[in-house]
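Asks: quick check, what structure comes out for this input:
(2 chains)
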There are 2 protein chains.
Amino acid sequence: MTPTLVVPITVNPDLQKERDGASLSTEEFAAWWAGGKEILKFNREVRSYLEKDVDLNEVMKLEAKSHEEINEFTMRAALEAAQKLRCLQQERNPGGNEYWPNLYEQPVMWCLVPGGNPFSVMYVMLVKALQAHCTPEQYEDFGKRVERFEISATYAQTELGHGTYLRGLETRADYDPKTDEFVLNTPKISSYKWWAAGLGQCCNYCLVMAQLYINGQFKGPHMFFVQVRDEETFEPLPGVHIGDIGKKMGYIGTNHGFLGLKNVRIPRTRMLMRYAKVNADGSFVSSPNSVLNYFAMVRSRCLIVRNNAAYLAAAATIATRYSAVRRQSPINPKEREPQIMDHVTQQMKLFPEIATSLAYAMSSDYLWNLYEQTIKDIENGKYERLPELHSLSCALKVTSAVDSAAGVERLRLGCGGHGYLSSSNMSNFYALATAACTYEGENTVLLLQIGRFLMKSWRSALSGAPLAPTVQYLAEVQKNPDFGTWTGSWENMVKAMKYTAANKTRLAFKSLLARLSRGETEENAANHTGIEFTQAAELHGRAFVFSSFTDEVTGPKSQTRSASLNCVLENLLELYLVKETLNQMSNLLRFIQLTDTDLRRLQDRLETVLTKLRPDAVAIVDGFDFSDLQLNSTLGSFDGNVYERMFDAALNTPMNQKSVPKSFNEMLKPFMKSNI
Amino acid sequence: MTPTLVVPITVNPDLQKERDGASLSTEEFAAWWAGGKEILKFNREVRSYLEKDVDLNEVMKLEAKSHEEINEFTMRAALEAAQKLRCLQQERNPGGNEYWPNLYEQPVMWCLVPGGNPFSVMYVMLVKALQAHCTPEQYEDFGKRVERFEISATYAQTELGHGTYLRGLETRADYDPKTDEFVLNTPKISSYKWWAAGLGQCCNYCLVMAQLYINGQFKGPHMFFVQVRDEETFEPLPGVHIGDIGKKMGYIGTNHGFLGLKNVRIPRTRMLMRYAKVNADGSFVSSPNSVLNYFAMVRSRCLIVRNNAAYLAAAATIATRYSAVRRQSPINPKEREPQIMDHVTQQMKLFPEIATSLAYAMSSDYLWNLYEQTIKDIENGKYERLPELHSLSCALKVTSAVDSAAGVERLRLGCGGHGYLSSSNMSNFYALATAACTYEGENTVLLLQIGRFLMKSWRSALSGAPLAPTVQYLAEVQKNPDFGTWTGSWENMVKAMKYTAANKTRLAFKSLLARLSRGETEENAANHTGIEFTQAAELHGRAFVFSSFTDEVTGPKSQTRSASLNCVLENLLELYLVKETLNQMSNLLRFIQLTDTDLRRLQDRLETVLTKLRPDAVAIVDGFDFSDLQLNSTLGSFDGNVYERMFDAALNTPMNQKSVPKSFNEMLKPFMKSNI
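Replies: Okay, the predicted model is just below:
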């Protein structure tokens, strides 16, 4: 009995009912979320072009393949997509970049490479790094070759033994004036480069971060463009030990690589020399300013915040649609089992995450604006806002990664046991989201840096020095240490979060001073106050999200939106502020007086706004506008034919292509027939 | 350049230094943790016997294989282990059960089947269910065959469309008096059995939960023993549609199966009839008591709590050893980079999880004792404590699953980026731990049940009716609603957690009454109070863990332990109580007055006890006594040769066996050579 199963072409009526009953226009929401009608149209058009020949069944089988097969599949898909995007660019706007390479690391690629794009670091980071750090001649020489994809390269900084702490890197480049070359070495196992995306199988060049030595004198870490494989044969060059670091919990198709170097010689002109320089005679010119180096990471972190919001939105789409279709456990025993979304506890799993993805999307827009302003400042030689922007981008990277990962996981659990199936794609989204907790600066290390920045700012404020705008609230709390009355208005809640962040900073500062006064060194005192540093730093980030989300929803832009959309956004803002305030209540209650009635009122508001959002939930997640291929989930498809799709996916796996597995005759039968 | 790499046979000196400097005897801790010296010795001996022929390198490659290969590998390993355990039992104590089947689902099996044991449900659950529910004749007929492993069976309850809500199951068994048979059907796609462990490839029989109908009359859910495959050929029997549900985020080797039945006939004697009965004439005798059915799940949940503690202990072992070996980011710029365990923020990631694993191990011991007492009560026809025990086992299952999963994940993140590598085995432990959040009763559904039990208990207490011992605290708080003074002693903290749980129950009860008085039905009011129900229920579980852990450490058993071990256990108790009190502070502050000094004092105690535990951390996790094979982790091996092992694991993967991947000539080269 093998029923030939066809997934219905009709939409599940429970889902259709949700769409028909919503108070908002999904199209308006989608256009707002995408950043405008034109952008939405552009995204959709490119997406259908890219998805045209893709077979969802094949993509769904990916996780069941071996590590080697997954990487092969992914490389092919990534190259085909590159080809398509380059064609589009060529056809429609030669010389532009809106298709290629801009789209190559956007969510539109998810549908093609759910296990990550092994070439994306090349365009997200490497080409930009080369543009920033090459001399014009160098860029002409090899930068353009990467840009044109004639060669393939990645960026290798992290080593087996060192990650976020740059000064600890062990790879070294010694200048040899006799031959006008650098000699690169990874002297120990712990010096091997590790985690370079795409380096396992995709690259013949690599931008290597190494400690520069001239005549045995240390000159700090610099970037060297190193050929690692032969262009024609792809064989590793002499002295180069290169390979794949193995399977990971996510990014399963990204062939992260390792790299060992033994006396590998490269011409002197392969050190990136726009700023620091080594002359042929071995004389060294140090960089006039290390700021831009630092600045590239700010840009990456803006993108990460936006990505984290997108992962959360995708997982929320899947879980919300599933919760509209799944019926379980009667509320009233005489009635039909309800859609699980009617259980208040289920609403509490779904809607806060929808709100959180909006909150981070808004804060990443704010951050991006700040970044662009700061770029202009830099062009005018003004670097004042850099430490502030650095701290803020770190804080948002940290909190968005933490909240996105935890949120995706709550949503996965909200799908019950079925969320544990790979075909739900929820564990993949989780793996992608949680990776951001450790890449581009490990979260705790960043929080400690922010903590130190806050201590410095607090000290400056005490001495009356002016503070940067996004930490201005610290000075305000110093000036006016009384919070005043809790009213529970949105404005008041934003104020409360800033007030709490400021007071956590104050307490950490007090602890630090106490340790110093007990005779601890500055460094030991900072280490011992580490837990309080990280707490203050996290709240600093959260306070910013509170204010940027509130500004977006209540600010002048609301006039460009319909009343119904504004109403939905206000509900989401209300939910976000209330649930986050409740989450942070142990901190708030320490500094702000809330009565039992105030707390009861917050719980009422939480329950009320969940009820208000209930009829619009499906329409909102539809407005995130993910395609079925992007979601790649049996539980989250637009048509809501969940059980049919789960079943179909199972039937398609190689395990189910034989009626009797060969293990039966080889192993199980002999075992069962034996007496012992 | 391909260095032949050998993992050193020496222990990393940083790790050795930790072991030499500890204040406790690891052996004493290990014996205590195992439950006694004899048990420890037994465990170790069996483990080395089982591990003798196992190649860690082969086990490590598992996750890189295809779904099909993983399942083949796992079945072979599980059957070989069964063979060995049965031999041991036969040789050393024929007729006993301490080797076989008792060890078949214990952590000693982890080393052999890191992707889960596909046959374990057969022995953890199925044989016990058959013993409990078969008539003696039935057990003789087919129960013993399962016990002897002549046939292989599993238990199928969950369906595509229904899980925790038993009454919603759709599979039906209609009695046909003409042939004296039941006719089984899964009438819709959503009725297909789904998630039955081992059913994908390992079973020829299956215990199926189905709704019984006699003459079209519904008689409730019952268990039916159904043959699904031919014993000789393993071909599915007519009307049986069976297969594997596909890859999952964890339990990757467990071949969970689906099962569709179309007019499958089984003899009447294949319904388990120890309690309920169907006679040949179609007359039905209902079960005199449904209690025992219910009771089997209590037993499973006791085991789950213990397992959750073990996963957390294993992950803590890996992360703690790694944190002793890894050196990064100087505290003092003039000194060598410290072991990362010297960073206070890192201690905060590790030590609380060690404490939590102890807390749950202790509470599962308490739960087990309570379970055994209750078994005796049942034998004497006393069922009073069952609802209490049910609630408590659910509460501990929920909180241990949540805390274990979150803890393993914090520990994984505590290993930085390297924790993302499959070879760390951290993501596998996470996947195993988090699965417990949805299996054996989805967490939220269970919390709602506990919430209803608490409401009932609160109402009983208000009316002066006696309460069961573990909810007695509700009545005490009703009688004496004043907490008194916060002193911060352990006893006071236990009292505070109970007081908070009771007050959360009180508030939820108040909300429920308010809704009822506004005219909501009992069911709607309960749904709308769901969030508060779950909060109260969770605190109920936490209060129990507080008291059982405190009792174990401070109670009479402390006299059987050395002063140094007691000192370590006291430090772990202190850490557990302080960090959990801080975690629950927003709830505590609502009901109990703590001054700013009290809060400052808690933070100080937290930091102080982290410092106290620092020198003993490695010795403690050594005392969990996991073998390298059980941990299966490049980051967590006993010798601490972390980088060498990571490197070795990478070199061993199939991806690295060729110097040039075939994808280069097939795809990458043509692409790079093309102009578009």
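Asks: low pLDDT regions in the stretch 51-200 of chain A?
Replies: Of all residues in the stretch 51-200 of chain A, none has pLDDT under 70.
Asks: show me where it has its strands.
Replies: A:153-156, A:172-176, A:181-185, A:193-196 (DSSP state E, counting those that start in this stretch).
Asks: out of these, the one nearest B:Leu259 is which?
Replies: strand A:193-196 (43.1 Å; Cβ to Cβ). Where you see a C-beta, it was placed from the backbone N, CA and C, and this is true even at glycine.
Asks: hang on, the earlier thing: now, of the strands of the stretch 51-200 of chain A, which is deepest in the fold?
Replies: strand A:153-156 (a mean of 28; mean count of other Cβ atoms under 10 Å in any protein chain shown).
Asks: quick one: contacts of it?
Replies: A:121-122, A:125-126, A:129, A:146, A:193, A:196-199, A:202-209, A:225, A:257, A:259 (Cβ atoms under 8 Å, 6 or more residues apart in numbering or on different chains).
Asks: near chain B, which of those show up?
Replies: A:Cys202 (Cβ under 8 Å from any Cβ of the partner chain).
Asks: so which of the contacts of strand A:153-156 are in helices?
Replies: A:121, A:129, A:146 (DSSP state H).
Asks: is chain B contacted by the helix-or-strand element of chain A with minimal mean pLDDT?
Replies: Ranked by mean pLDDT, DSSP states H and E, the weakest helix or strand in chain A is helix A:56-60, scoring a mean of 86. No: with Cβ under 8 Å from any Cβ as the criterion, chain B is not reached by helix A:56-60; the gap is at least 8.8 Å.
Asks: centre of the chain versus that helix, how much separation?
Replies: Centroid separation for helix A:56-60 versus its chain: 24 Å, with Cα atoms, centre = their mean, to the nearest Å.
Asks: and that helix, what's buried?
Replies: Buried residues in helix A:56-60, counted by 16 or more other Cβ atoms under 10 Å in any protein chain shown: A:56, A:59-60.
Asks: return the member of those nearest to A:Ser300.
Replies: Of the buried residues of helix A:56-60, the one sitting nearest to A:Ser300 (Cβ to Cβ) turns out to be A:Val59, at 27.2 Å.
Asks: centre of the chain to stretch A:245-262, how far?
Replies: That offset, for stretch A:245-262, works out to 19 Å (Cα atoms, centre = their mean).
Asks: no, scratch that, I was asking about stretch A:438-455
Replies: Worked out by Cα atoms, centre = their mean, stretch A:438-455 lies 16 Å from the chain centre.
Asks: what about it and chain B, touching?
Replies: Yes: for stretch A:438-455, a contact with chain B is found by Cβ under 8 Å from any Cβ, at A:438-439, A:442-445, A:447-448.
Asks: mind putting those residues in CSV, pLDDT and neighbour count included?
Replies: Shown next, in CSV, are the residues of stretch A:438-455 next to chain B (pLDDT from 0 to 100; neighbours: other Cβ atoms under 10 Å in any protein chain shown):
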residue, pLDDT, neighbour count
A:Thr438, 95, 24
A:Tyr439, 93, 21
A:Glu442, 94, 21
A:Asn443, 96, 24
A:Thr444, 97, 25
A:Val445, 95, 20
A:Leu447, 97, 26
A:Leu448, 96, 22
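Asks: OK, contacts around the single nearest residue of the stretch 351-500 of chain A relative to chain B?
Replies: At 3.6 Å from chain B, A:Ser427 is the closest residue in the stretch 351-500 of chain A, using Cβ to the nearest Cβ. A:Ser427 is in contact with A:412, A:419-420, B:249, B:431, counting by Cβ under 8 Å, 6+ apart.
Asks: can you tell if the host helix or strand of A:Asn308 touches chain B?
Replies: Assigned by DSSP states H and E, A:Asn308 belongs to helix A:291-325. No: judged by Cβ under 8 Å from any Cβ, helix A:291-325 makes no contact with chain B; its nearest approach is 10.1 Å.
Asks: next structured bit after that helix?
Replies: Heading C-terminal from helix A:291-325 (DSSP H and E), you reach helix A:344-379.
Asks: from A:Val618, how far out is the closest residue to A:Arg327 other than its chain neighbours?
Replies: Spatial nearest neighbour of A:Arg327, chain neighbours left out: A:Glu337 (4.3 Å); criterion: Cβ to Cβ, 6 or more residues apart in numbering or on different chains. Remark: distance between A:Glu337 and A:Val618 (Cβ to Cβ, to the nearest Å) = 18 Å.
Asks: likewise A:Glu18?
Replies: Taking Cβ to Cβ, one finds A:Glu18 at 4 Å from A:Val618.
Asks: what is in contact with these two at once?
Replies: With Cβ under 8 Å, 6+ apart, A:Glu18 and A:Val618 have common neighbours A:Ala324.
Asks: ok, back up a step: what's the burial count for the residue nearest to A:Arg327?
Replies: 17 (other Cβ atoms under 10 Å in any protein chain shown).
Asks: swap in A:Leu413?
Replies: Neighbours around A:Leu413, by other Cβ under 10 Å: 23.
Asks: surely it meets A:Gly419?
Replies: Yes: using Cβ atoms under 8 Å, A:Leu413 is in contact with A:Gly419, at 6.2 Å.
Asks: who touches both of those two?
Replies: B:Thr438.
Asks: now stretch A:533-543, how far from the centre of its chain.
Replies: Per Cα atoms, centre = their mean, the centroid offset for stretch A:533-543 relative to its chain is 19 Å.
Asks: touching it from outside, list them.
Replies: In contact with stretch A:533-543 (Cβ under 8 Å, 6+ apart) are residues A:391-392, A:395-396, A:398-399, A:444, A:446-448, A:450-452, A:454-455, A:471, A:473, A:494, A:497-498, A:500-501, A:504-505, A:507-508, A:526, A:580, A:584, A:587, B:345.
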